[in-house]
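S.K.: Give me coordinates for this.
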Amino acid sequence: MEDTTQDIAALFTRADGDYLCARWGRPIVPVVFGVDDATLAVFKGAIEAVVTLAGHQMAETDPELGANLMVFFCRDWSELPEVPHLDDLVPDLIPLVARLTQADANQYRIFRFDEVGAIRAVFVFLRLDDHLAEVSADTLALSQAVQTILLWSDKAFDDTPPLAMVDGNAVLRPEIAHVVRAAYDPVMPVMDRDASHALRLAARISRVS
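M.R.: Below is the predicted model:
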């Protein structure tokens, strides 16, 4: 599929009609809670692959938070309030757990931003219900990695997921990879609320694809 400005704009146009694209403004330091070492390695590998695709950086520690991309696995949302100090990072944790439980959700992401609007932290919550339990660690890890490398629209992947299956393996759809690379071009802003941003992304993609 050929990238068009309209397609790209849809990825960052929220349900309320506002356009917003933001990328990380600092190196990414991931940590994953609630999984074994093998799954941890898969997640860190997927994050590193997407960070490399973007031309961004990872680091061993974040000077402000220690880790700034935190992934929490649980079997039930009621487990989250039991995580030590999580309520310090997510002050509205109790009402959030109530909303996620009521919605029967299996995943949720919270983005935090710095003073210029760049991403400074992401908290990912995954509840291993029957659906997620059937998804391979590789697919789940890559899906979360791409959905946290940029602030996408809240409806960006409602119709078409960011991944495709090729020979039984999950891969990033080429048009999404193009957008990630273009958004991290050094001349592009770390955050933009103007839809003309999509036109600039499309121009960069057309030059390299």
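
S.K.: so where does the residue lying farthest from the centre of the chain fall, helix or strand?
M.R.: The C-alpha centroid of the chain is most remote from residue 207, which lies 25.6 Å away (C-alpha atoms, centre = their mean). Here residue 207 is covered by helix 196-208, with elements defined by DSSP states H and E.

S.K.: picking up where we left off before, got a pLDDT number for the residue farthest from the centre of the chain?
M.R.: Looking at residue 207, its pLDDT reads 77.

S.K.: now do residue 170
M.R.: Reported pLDDT for residue 170: 89.

S.K.: Tell me which residues touch the residue positioned nearest the centre of the chain, please.
M.R.: Residue closest to the mean C-alpha point of the chain, counted by C-alpha atoms, centre = their mean, is residue 148 at 1.4 Å. Residues in contact with residue 148 (C-beta atoms under 8 Å, 6 or more residues apart in numbering) are 47, 69, 109, 122, 124. For the C-beta atoms, the positions are set from N, CA and C on the backbone; glycine is no exception.

S.K.: roughly how far apart are it and residue 119?
M.R.: Distance of residue 148 to residue 119, computed by C-beta to C-beta, to the nearest Å: 8 Å.

S.K.: Show me the shaky parts of the protein.
M.R.: Scanning the chain for pLDDT under 70 picks out 1-3, 208-209.

S.K.: let's see it at 90
M.R.: Applying pLDDT under 90 to the chain picks out residues 1-4, 65, 85, 89, 91, 133, 159, 165-170, 206-209.

S.K.: all helices of it, in order?
M.R.: Under the criterion DSSP state H, helices of the chain are mapped to 5-12, 37-54, 86-89, 93-103, 130-133, 137-149, 174-183, 196-208.

S.K.: Check which helices and strands the top strand by length along the chain sits against.
M.R.: With residue count as the measure and DSSP state E as the assignment, the chain has strand 119-127 as its longest strand. Counting contacts by 3 or more C-beta pairs under 8 Å, 6 or more residues apart in numbering; DSSP states H and E, strand 119-127 packs against strand 69-74, strand 107-113, helix 137-149.
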